[in-house]
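Asker: Please find the sequence and the predicted model below.
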Amino acid sequence: MLTITFYNDGTGENGKGNYNYVVYINQKKITEGRLENHYRGDWRRLMIDLGDDLDKELALEDKDYQEQKRPDSIPF
């Protein structure tokens, strides 16, 4: 099972917040990170930002991944 947790640490201003996240597979933590300056109340964008952050992490680790053709945006 994939579990993603987000924690708003209470910091930020002007309607933006900062979030720490942890990603687990079958209760094993596989990664964690931080998303900053995210507009509060937009959970869909938060998920997209998480994907972008993880995409950057993977691209740094895996050269084959860097060479894959991927769409520039998600259509929603």
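Answerer: Done, it's in. Residues are numbered from 1 along each chain as shown.

Asker: all helices of this structure, in order?
Answerer: 43-61, 63-67 (DSSP state H).

Asker: and the last one, what's its mean pLDDT?
Answerer: The reference is to helix 63-67. Average pLDDT, helix 63-67: 62.

Asker: any idea which of the helices of the chain scores lowest on pLDDT?
Answerer: In terms of average pLDDT, helix 63-67 trails the rest of the helices of the chain, at a mean of 62.

Asker: Next one: residue 44 from residue 51, what distance?
Answerer: As judged by Cβ to Cβ, to the nearest Å, residue 44 and residue 51 stand 11 Å apart. Bear in mind the C-beta positions are built from the backbone N, C-alpha and C, glycine included.

Asker: same question, residue 36
Answerer: Residue 36 sits 16 Å away from residue 51 when distances are taken as Cβ to Cβ.

Asker: swap in residue 42?
Answerer: Noted for residue 42: a distance of 14 Å to residue 51, by Cβ to Cβ.

Asker: Spit out the contact partners of residue 12.
Answerer: Residue 12 makes contacts with 18, 36-38, 40, as judged by Cβ atoms under 8 Å, 6 or more residues apart in numbering.

Asker: any idea of the mean pLDDT for the strand ranked longest in the chain?
Answerer: Counting residues, the longest strand found in the chain (DSSP state E) is strand 28-39. The pLDDT scores in strand 28-39 average 92.

Asker: Report the backbone C-alpha coordinates of that strand in CSV.
Answerer: These are the backbone C-alpha positions of strand 28-39, laid out as CSV (Å, rounded to 0.1, in the frame of the first residue of the first chain):
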residue,chain,number,x,y,z
LYS,A,28,8.5,1.4,4.9
LYS,A,29,9.5,5.0,4.4
ILE,A,30,10.9,5.4,0.9
THR,A,31,11.4,9.2,0.8
GLU,A,32,10.6,12.5,2.5
GLY,A,33,10.9,16.1,1.7
ARG,A,34,9.5,19.6,1.9
LEU,A,35,7.3,21.7,-0.3
GLU,A,36,7.4,25.5,0.3
ASN,A,37,5.1,28.4,-0.6
HIS,A,38,2.1,26.3,-1.6
TYR,A,39,-1.3,28.0,-1.7
